[in-house]
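Please find the sequence and the predicted model below.
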Amino acid sequence: MKTKLLLLVISALLVGVGLVGCGPKNDTTQTPVTTPAPSETTAAKTAPSVVSPVWPDIPIYPSLTTIQRTSQPLPMATGYANAEFRVYETNDSLEKVVSFYKDRMAANGWEEFPWTDTPQISMGSYSKNNLEHMAWVWVVSVEGKTQVILGRASKE
């Protein structure tokens, strides 16, 4: 079980790394999320989030702009179907966005695996319903902006 989970996390990480810094493609549009960004004095815990129609149990940080959507097949050994990914961007700090997701994912029923935090990138993995669903949150500082890569996969 641990080997499958590790393989799944590594596969998702490789996809996420490939998405970081790619920027918008010709066939994608930048779609602003219509909620206001939290002020500097507003804690991430009180910031409203947007409910995604695709993933209603994964919160969307306020002020994100969608820059890319993709799906990626995962190795059959993982037992999960295609992973869906969304790449967003905001002017808010990496720390604020990470704090938001660490708080909100657990509040939405996700079990957190340990995060990997560095000054330029923070990565978190989550599971739900006894590993029936997996989710990934990667927050990356890129050229003065903060990119957020959200991913999700479910067992076949």
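Here it is on my side, so go on. Numbering: from 1, shown residues only.

So, low pLDDT: which residues of the chain?
Applying pLDDT under 70 to the chain flags the ranges 1-54, 77.

Tell me which stretches of it form strands.
Remark: strands assigned in the chain by DSSP state E are 31-32, 50-51, 59-60, 65-72, 83-90, 111-112, 116-117, 121-128, 133-142, 145-154.

Quick one: the ones you listed as TSV, columns for distance to R104 and mean neighbour count too.
In short, each C-beta sits where N, CA and C put it, glycine included. Output for these, formatted as TSV (distance: least, C-beta to C-beta, whole Å; neighbours: other C-beta atoms under 10 Å):
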stretch	distance to R104	mean neighbour count
strand 31-32	20	10
strand 50-51	11	13
strand 59-60	4	22
strand 65-72	18	17
strand 83-90	14	21
strand 111-112	11	14
strand 116-117	17	14
strand 121-128	11	20
strand 133-142	10	23
strand 145-154	12	22
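
And the ones you listed: which comes nearest D103?
strand 59-60 (9.1 Å; C-beta to C-beta).

strand partners of that closest one, parallel vs antiparallel please.
Strand pairing for strand 59-60, using DSSP bridges, gives strand 50-51 (antiparallel).

so who does M134 touch?
Residues in contact with M134 (C-beta atoms under 8 Å, 6 or more residues apart in numbering) are 8, 12, 80, 83, 125-128, 152-154.
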